[in-house]
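Trainee: structure of the sequence below:
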Amino acid sequence: MASIELHPTRERAAGQRSNVRQSNIPSAYAQGYRRTAELSGCLVDFVVQLLPTPEELAIKEDVRKLLERLIRTIEPQSRLLSFGSTANGFGLRNSDMDLCCLIDCDVVPTSASDMVTSLGLLLERETKFQVKPLPHARIPIIKLSLEPSQGLPYGIACDIGFENRLALENTRLLLSYATIDPMRVRTLVLFLKVWSKRRRINSPYVGTLSSYGYVLLVLYFLVHVKNPPVLPNLQQMPPLRPMSYVETHLNDHNIWFFDDIDFLRKSWSSANLDNVAELLIEFFRYFAREFPFNTGVASVRTGLMKKEAKGWSNESDLINIRDCNRLCVEDPFEITYNVARTVTKDGLFLIRGEFMRASKILTSKYESPVTVLSHLCEEREDAQAPFPSESQPSQIRLSTTQTVSAPSFLPVPSLPSSFPGQLEFTRADAQFATVAN
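Mentor: Down below sits the predicted model:
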C-alpha cells in the first residue's frame with residue numbers, strides 16, 4: 001500500500017504561507033507563526049515517543065493468534081479481531097487489548113455468557129493468563145492479564161467480548177479519519193489522550209470523560225468547528241454506487257460512511273492549512289469559551305445539536321443519583337447513546353477548568369515549546385481522582401538537551417489482521433506511512 005504522506009498541495013501551500021507570513025506581515029505575527037511552528041514540531045516529537053514498538057505489536061499479534069486458535073477449539077467458525085484503540089490508529093504504547101470474537105455460522109451460536117464461561121475455563125487450563133470471566137455482566141466479557149516479565153516489561157491486559165460488530169464498524173470509522181490526515185489528526189488525538197490522563201480527567205469511573213469521548217470531541221472539532229474543515233464528514237458523503245439497507249445498516253443502526261480513503265485522498269484535499277499547534281490552541285479555546293455545554297451535543301455525524309432534540313435534558317435521566325447528560329457527545333452509529341453520560345456535575349467542572357487552564361497556558365508568553373508541554377501535561381494531584389499505578393519511563397526526550405515529563409501510562413497503534421495495513425508514525429520526515437502486512 002502506498003505511503004501516507006502530507007498532501008503535496010498542502011505541503012506547498014504551507015511553505016507558501018510560511019513565506020508570506022514571515023515576509024509580508026508584521027513581525028509580531030511572524031513571531032506568532034514561528035512559535036506555533038516550533039510547538040508543532042515539539043508535539044510531533046512528543047507523540048512519536050508514545051507509539052508502540054514493533055516488538056510490542058508483534059507480541060500482541062502473537063497473543064491474538066494464540067487466543068483465536070484456542071477459541072476455535074470450542075467454535076471452529078470463529079474469528080478474533082482487534083477493535084478500539086488497539087486498532088483505530090489512536091492507541092498508545094502499552095495500551096490494553098480489546099478483542100472481539102465473531103462466530104460465522106448458519107446455526108444459532110453459543111450465547112455470549114456460555115462462551116465466556118467455557119472459554120474462561122479453557123484459558124485458565126491452557127495459558128498462563130490471569131483469567132477473570134464476567135458471564136453475567138451487561139456485556140459478557142473475559143478479562144485477561146499477564147504480569148510484567150523480562151520479555152513483557154509492562155505485562156499485557158486484554159478484554160475479549162463477543163459479537164460486538166458495531167464496535168468493529170466504529171473502529172473502521174475512526175481508523176479512516178486517522179488515515180486521511182494522520183499528521184494532524186493522530187498527533188492531536190494522541191496528545192489529548194496523554195494530556196487528559198495526566199490531568200486526571202479521563203475516567204468515567206470517577207465522573208469524567210473516557211478517552212473515546214475525547215477522540216470524538218477532536219473529530220467533531222476538525223469536521224464541524226474548523227472552517228474550512230480539516231476533515232470531511234465521512235458519514236454524510238454519498239456512496240459511489242447505490243447501496244441497499246442491508247449494506248448500510250447493522251441491527252437498525254446506520255453504519256454507512258465513505259471508507260474508500262485512497263479515492264478520497266486523490267479527490268479531496270482540505271483547504272485548512274493550520275498546523276498542529278494552531279489546531280490545539282483553537283481546540284482548547286473553543287471548548288473553554290464557545291461550546292454550549294448547557295444545551296449542546298457534539299456530534300461527529302451531524303455537527304452541533306441541541307440536547308432538547310435528542311431528549312437529553314439534564315433532568316431526564318439519573319444514574320446512581322448522578323445526572324447523565326451534563327456533557328453530551330453522540331456516538332457516531334449508536335446515536336441514542338451519550339458517550340459522555342457518566343460525566344457528573346463535578347466532573348464537568350473539572351473538565352471545563354482544564355480546558356480553560358490549557359487555553360491560558362497556550363496563549364500566554366513562554367520561554368520554549370518544551371516548557372509549554374511540560375506545563376500542560378503536569379500531573380494533577382487529586383485524591384478524588386485515583387488512578388492505578390503503572391510502570392512508566394520518567395521522562396520523554398524532545399531534543400538532545402531537553403526533556404519533558406512522560407505520562408504515567410504510555411498506552412499505539414496496532415491493527416487487527418482483518419485490516420489492510422498497519423499505520424506507522426515516523427519522525428524522519430514528519431510523516432505517517434502505511435506498511436502493508
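Trainee: what helices or strands is the helix or strand harbouring Leu219 leaning on?
Mentor: For Leu219, the element it lies in under DSSP states H and E is helix 211-220. Packing contacts for helix 211-220, counted by 3 or more Cβ pairs under 8 Å, 6 or more residues apart in numbering; DSSP states H and E, involve helix 165-180, helix 182-198, strand 296-299, strand 329-330. Placement of C-beta: from N, CA and C, glycine included.
Trainee: and it with helix 165-180, angle?
Mentor: Interaxial angle of helix 211-220 relative to helix 165-180 (axes from the mean of the first three to the mean of the last three Cα atoms, to 10 degrees): 50 degrees.
Trainee: CA-only coordinates of the helix or strand that helix 211-220 is followed by in PDB, if you can.
Mentor: Downstream of helix 211-220, the first helix or strand assigned by DSSP H and E is helix 245-248. These are the backbone C-alpha positions of helix 245-248, laid out as PDB (Å, rounded to 0.1, in the frame of the first residue of the first chain):
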ATOM      1  CA  TYR A 245     -30.400  -1.100   3.500                       C
ATOM      2  CA  VAL A 246     -28.700  -4.400   4.500                       C
ATOM      3  CA  GLU A 247     -25.300  -3.000   3.300                       C
ATOM      4  CA  THR A 248     -25.700   0.300   5.300                       C
END
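Trainee: quick one on the thing from earlier: TSV for the helices and strands packed on helix 211-220, including mean neighbour count and mean pLDDT?
Mentor: Converted to TSV, the helices and strands packed on helix 211-220 look like this (neighbours: other Cβ atoms under 10 Å; pLDDT from 0 to 100):
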stretch	mean neighbour count	mean pLDDT
helix 165-180	21	96
helix 182-198	24	96
strand 296-299	21	98
strand 329-330	23	98
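Trainee: could you export those as CSV, including distance to Asp98?
Mentor: Formatted as CSV, the entries for the helices and strands packed on helix 211-220 read as follows, by distance: least, Cβ to Cβ, whole Å:
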stretch, distance to Asp98
helix 165-180, 8
helix 182-198, 15
strand 296-299, 23
strand 329-330, 19
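Trainee: where do the helices sit along the stretch 301-437 of the chain?
Mentor: With DSSP state H, counting those that start in this stretch, the ranges of helices along the stretch 301-437 of the chain come out as 307-310, 345-363, 369-376.
Trainee: lowest average confidence across helices and strands of the chain, where is it?
Mentor: Ranked by mean pLDDT, DSSP states H and E, the helix or strand of the chain with the weakest confidence is strand 431-436, at a mean of 30.
Trainee: show the contacting residues for Leu348.
Mentor: Under the criterion of Cβ atoms under 8 Å, 6 or more residues apart in numbering, the neighbours of Leu348 are 293, 326-327.
Trainee: looking at the residues you listed, state which has the most neighbours.
Mentor: Scoring the contacts of Leu348 on neighbours with other Cβ atoms under 10 Å, the highest-scoring entry is Leu327 at 25 neighbours.
Trainee: from memory that one sits against Thr295, does it?
Mentor: No. Between Leu327 and Thr295 no contact is recorded; they are 11.7 Å apart, counting by Cβ atoms under 8 Å.
Trainee: may I have the strands that pair with the strand or helix carrying Cys101, each with its orientation?
Mentor: Under the criterion of DSSP H and E, Cys101 resides in strand 97-103. Each strand that pairs with strand 97-103, with its direction, by DSSP bridges: strand 78-82 (antiparallel), strand 156-162 (parallel).
Trainee: what comes up buried for the helix or strand that that strand is followed by?
Mentor: Where DSSP H and E defines the elements, the next helix or strand beyond strand 97-103 is helix 112-126. Using 16 or more other Cβ atoms under 10 Å as the burial criterion, the residues of helix 112-126 that qualify are 112, 115-120, 123.
Trainee: and these, which is closest to Phe355?
Mentor: Relative to Phe355, the closest of the buried residues of helix 112-126 is Ala112; by Cβ to Cβ it sits at 38.4 Å.
Trainee: redo the strands paired with strand 97-103 as a markdown table? Include mean pLDDT.
Mentor: Putting the strands paired with strand 97-103 into a markdown table (pLDDT from 0 to 100) gives the following:
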| stretch | mean pLDDT |
| --- | --- |
| strand 78-82 | 96 |
| strand 156-162 | 95 |
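Trainee: save those as a markdown table, and put in mean neighbour count and distance to Met97 too.
Mentor: Formatted as a markdown table, the strands paired with strand 97-103 follow (neighbours: other Cβ atoms under 10 Å; distance: least, Cβ to Cβ, whole Å):
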| stretch | mean neighbour count | distance to Met97 |
| --- | --- | --- |
| strand 78-82 | 21 | 7 |
| strand 156-162 | 21 | 4 |
